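Novice: build me a model:
(4 chains)
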Number of protein chains: 2
Amino acid sequence: MPEEKSKKQIIYEAAARLFRDKGYSATSMRDLARAVNLKASSLYNHIKSKEEILQGICFENAHRFLSGMKEVEAMQGTTSDKVRALIQLHISIATEDVTSVTAFNDEWRHLSDPMLTDFLQLRKDYERRFKMIIEQGIAEGDFRTLDSSIILYTVLSSVRWVYDWYKPGKSIDQGKLESEISAFLMKGILK
Amino acid sequence: MPEEKSKKQIIYEAAARLFRDKGYSATSMRDLARAVNLKASSLYNHIKSKEEILQGICFENAHRFLSGMKEVEAMQGTTSDKVRALIQLHISIATEDVTSVTAFNDEWRHLSDPMLTDFLQLRKDYERRFKMIIEQGIAEGDFRTLDSSIILYTVLSSVRWVYDWYKPGKSIDQGKLESEISAFLMKGILK
DNA sequence: CCTACCGATCGGTAGG
DNA sequence: CCTACCGATCGGTAGG
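Specialist: Reported below is the predicted structural model:
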């Protein structure tokens, strides 16, 4: 007896796919309604607004990353183990839920203002904590002495292509993906 | 006597900025008109359509990358010199014309179909030639034996954060930017 | 370069 | 969950 997906859940998933493929602004509520076999007006029995959907997608993913960060900060191991774990976090979030993460990555700027500010604060917090780990690695002498912002953004964005590119069942399996990207980046970071 | 910028040029530059900041779909012709102190209808004395502007931005940048690629292919030097030169190509295009390149990177999907297919073909060609150079480096034994697609996409996207982040006059100067990103990535590539 | 305006489509609501 | 419809805004044109 499989758990029934709520209609709301189905709408959110269809929306994430449309936002990823066409962008938030180019996706109309009629497009979304068609994707879930409803009329546009009927969507509003399940959701409050178009932007509410975007908010859900953006904050859900923000919290995925932040709770992953929390685990990494608490874990045993060297600083380079932590960076490796963060790289793996990004790859596994990306491969587990590509559509949602891509929408989160590319469409958050269409949030409007109380939420936009909140969202940017979460992101800034995440980046700050990531950078602290990098700086610790440099201070301990295990990482090369490169600018920590440059390392941070290079790592963060180098992992982003997975979102655009990864399709389950494609030639490369996830294990190989993780280990090769991780090997590539860690070699750039370590002395 | 400075060369006068044509009104068309001014419109294109304002459009690139708006497309980058708000996205193509969320930018209205009224927004664009306001940015250049015209009424929306007057734009059409200088341009044919909204999409024509996007086409201009996308194909101009595609040709920048392709002509850079052509120079690199023709240059003297080792395969790793060529990869280094390609990384520098990406960084210098990004820092010289951030707005236009960001629009090109993020908004090309709003092209419609004869142009979209052409555009994707140019991009595919560029990636194919980049990958050939990587594979040559692996075959020669200078590069680590990682999957060439993984190296390609990691390099391509790791350079993309510069678009989102780089603002002229910011703390890091372009020389340091180039040398640190390049050092980081080359260490990941070379044996 | 503008005013005036076109039909189409937008997100969303009323009412059942 | 639908039909019917709202005011606002869209890209673009006519005509001067």
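Novice: and the most centrally placed residue in chain A, its phi and psi?
Specialist: Residue closest to the mean C-alpha point of chain A, counted by C-alpha atoms, centre = their mean, is residue A:101 at 4.2 Å. Reported as degrees, to the nearest 10, the phi and psi values for residue A:101 are phi -70, psi -40.
Novice: residues contacting it?
Specialist: A:61, A:93, A:94, A:163 (C-beta atoms under 8 Å, 6 or more residues apart in numbering or on different chains). (C-beta placed from N, C-alpha, C; glycine too.)
Novice: what does chain A have sitting close to chain B?
Specialist: Contact residues, chain A versus chain B (C-beta under 8 Å from any C-beta of the partner chain): A:22-26, A:106, A:109-110, A:144, A:146-147, A:149-151, A:153-158, A:160-161, A:165, A:172, A:176-177, A:180-181, A:183-185, A:187-189.
Novice: among the residues you listed, name the ones in strands.
Specialist: Using DSSP state E, no member of the residues of chain A next to chain B falls in strands.
Novice: show me which of those are buried.
Specialist: Neighbour counting by 16 or more other C-beta atoms under 10 Å in any protein chain shown classes A:23-26, A:106, A:110, A:144, A:146-147, A:149-151, A:153-158, A:160-161, A:165, A:177, A:180-181, A:183-185, A:187-189 among the residues of chain A next to chain B as buried.
Novice: DNA strand C next: which of those are close?
Specialist: Among those, no residue is within reach of DNA strand C (C-beta under 7 Å from any atom of the strand).
Novice: where does pLDDT dip in chain A?
Specialist: Applying pLDDT under 70 to chain A flags residues A:1-4, A:167-171.
Novice: try 90
Specialist: For chain A, the stretches with pLDDT under 90 are A:1-5, A:95, A:158-178.
Novice: helices along that one, start to end?
Specialist: A:7-22, A:29-35, A:40-43, A:50-74, A:79-96, A:98-107, A:113-140, A:148-158, A:161-165, A:174-189 (DSSP state H).
Novice: among the ones you listed, which is nearest residue B:52?
Specialist: helix A:7-22 (20.2 Å; C-beta to C-beta).
Novice: and the closest one, how far out from the chain middle?
Specialist: On the basis of C-alpha atoms, centre = their mean, to the nearest Å, helix A:7-22 sits 16 Å off its chain's mean C-alpha point.
Novice: quick one: buried residues of it?
Specialist: Buried residues in helix A:7-22, defined by neighbour count with 16+ other C-beta under 10 Å: A:11, A:12, A:13, A:14, A:15, A:16, A:17, A:18, A:19, A:20.
Novice: can you tell me which residues in chain A are near DNA strand D?
Specialist: A:7, A:37, A:38, A:39, A:40, A:41, A:42, A:45.
Novice: which of the residues you listed are close to DNA strand C?
Specialist: Among these, the residues that sit close to DNA strand C (C-beta under 7 Å from any atom of the strand) are A:40, A:41.
Novice: out of the residues of chain A next to DNA strand D, which is most surrounded?
Specialist: Scoring these on neighbours with other C-beta atoms under 10 Å in any protein chain shown, the highest-scoring entry is residue A:38 at 18 neighbours.
Novice: who touches the nearest residue to residue A:176 once chain neighbours are set aside in this structure?
Specialist: Using C-beta to C-beta, 6 or more residues apart in numbering or on different chains and skipping residues adjacent in sequence, the residue nearest residue A:176 is residue B:147, 7.2 Å away. For residue B:147, the contact set (C-beta under 8 Å, 6+ apart) comprises A:172, A:176, A:180.
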